[in-house]
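1. what's the 3D shape of this:
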Amino acid sequence: MVAAPDFLDPPGDLLRIRRELADGAVVLRVAGDVDLSTAGKLSEQLRGARDFVVPPAPVIADLDEVEFLGSAGLMALVQENEACRQRGLTLRIVSSSRLVVRAISVAGLAEVLPVLPTVQAALTMT
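-> All right, here's what the predicted structure looks like:
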């Protein structure tokens, strides 16, 4: 994978997102808190990622390093998932973090936002 330095955030930011390209997909590596104050930044990065992807390659949000996923973050993921679908793209969520999986499950979004365990699984999913 190749990191794009224009998406590296300064240390200390509540939300840090790094964009990588892999097999035609865009992988957003997300770290920190996704809450009301940072959900807009996540949405903005996901919107930007859509411009780089040609179907059937997916947009992948790797949330393994997310420390908090609040309702605003969940809403951002749901909205971006729908925006991807409308453009013929898929948004794939990746995380092995119990916190992320639980937040999605408790919100009743597991069918809308299925979580895959690894980026490799998201890349090879058909």
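
2. find the least confident helix or strand in the chain, judged by mean pLDDT.
-> Every helix and strand in the chain was compared by mean pLDDT, DSSP states H and E; the lowest is strand 2-4, with a mean of 47.

3. show me what the following helix or strand past it is packed against.
-> Using DSSP states H and E, the helix or strand that directly follows strand 2-4 along the chain is strand 15-22. The helices and strands touching strand 15-22, judged by 3 or more CB pairs under 8 Å, 6 or more residues apart in numbering; DSSP states H and E, are strand 2-4, strand 25-34, helix 39-50. Backbone N, C-alpha and C define where each C-beta goes, glycine included.

4. ok, strand 15-22: who's next to it in the sheet?
-> Strand partners for strand 15-22, identified by DSSP bridges, are recorded as strand 2-4 (antiparallel), strand 25-34 (antiparallel).

5. so which of the helices and strands packed on strand 15-22 is the most packed in?
-> For the helices and strands packed on strand 15-22, the largest average neighbour count (mean count of other CB atoms under 10 Å) is found in strand 25-34, namely a mean of 22.

6. tell me the angle of that one relative to helix 39-50?
-> The directions of strand 25-34 and helix 39-50 differ by 180 degrees, with axes from the mean of the first three to the mean of the last three CA atoms, to 10 degrees as the criterion.

7. nearest residue to residue 100 other than its sequence neighbours?
-> Nearest residue to residue 100, sequence neighbours excluded (CB to CB, 6 or more residues apart in numbering): residue 63, at 4.8 Å.

8. wait, is that neighbour part of a strand?
-> Yes. Counting by DSSP: H, G, I helix; E, B strand; the rest coil, residue 63 is part of a strand.
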